[in-house]
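# The amino acid sequence is not available; the structure is as follows:
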């Protein structure tokens, strides 16, 4: 092995640098994704964000039933947008404890499906957003996942959701709702 490395060092820079960068890239990716299949699935999930929050997922049914019961106990109507979003935030935080992707999946970052989150029972913010969007869709709220930078948020297309906080919201405005540990955040996109 040492002889091979010495031979590589004696080759022209234009040949050895791409080889060294290739070795670095492979080691780097295998460090972040020791299970390469998760990287492939993560990229597929990012490309199909709208398919992830599936409210018809059979694994979601028990959680959705508990969510409806929670809404009744809290006196929240599905027609009250801000109260419903706050309720889904509290419920998801209670039912899906926060855990880093490295702890749950053994990789640096992974965007799971609803069934995967329910099966593991814990997730980071993107997995919580997938579950929250699926629960909202189950309540006939047209929620979608919105990716901005490194964050995944729940977007809700609804007239007047932010009226009390930010003033009037124009029809068709996409309101992103980020589920965080400390609070819920609104962003008009």
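Right, received. Where do you want to start? As the structure is a prediction and not an experimental result, all values here were calculated from the model.

# in this protein, which spans are strands?
With DSSP state E as the criterion, the chain has strands at 143-148, 151-157, 174-179, 184-188.

# model confidence over the shortest one, on average?
Across strand 184-188, pLDDT averages out at 47.

# Poorly predicted segments of the chain, please.
1, 157-189 (pLDDT under 70).

# wouldn't residue 36 be in contact with residue 42 here?
No - with contact taken as CB atoms under 8 Å, residue 36 and residue 42 are classed as non-touching, separated by 10.4 Å. To be clear about C-beta, it is placed using only N, CA and C from the backbone, and glycine gets the same treatment.

# more crowded one of the two?
Legend: neighbour count by other CB atoms under 10 Å for residue 36 and residue 42, higher for residue 42 (20 against 11).

# how close does the residue nearest in space to the middle of the chain get to residue 7?
When the chain is reduced to its mean C-alpha position, the closest residue under CA atoms, centre = their mean turns out to be residue 126, at 2.0 Å. Residue 126 sits 45 Å away from residue 7 when distances are taken as CB to CB, to the nearest Å.

# And residue 17, how far from residue 68?
For residue 17, the distance to residue 68 - CB to CB - is 59 Å.

# Would you agree the residue nearest to the centre of the chain is in contact with residue 116?
No - counting by CB under 8 Å, no contact exists between residue 126 and residue 116, whose distance comes to 11.4 Å.

# got a list of what residue 92 touches?
128, 131, 132, 135, 179 (CB atoms under 8 Å, 6 or more residues apart in numbering).

# Give me the phi and psi for residue 111.
For residue 111, the backbone dihedrals (degrees, to the nearest 10) come out as phi -100, psi 110.

# If you drop the residues flanking it in sequence, what lies closest to it?
Excluding the flanking residues, the one nearest residue 111 by CB to CB, 6 or more residues apart in numbering is residue 45, at 4.3 Å.

# Would you mind listing the outside residues contacting the longest helix seen in the chain?
When the chain is scanned for its longest helix (criterion: DSSP state H), the result is helix 13-32. With CB under 8 Å, 6+ apart as the test, helix 13-32 has contacts from 8, 9, 36, 39, 107, 108, 109.
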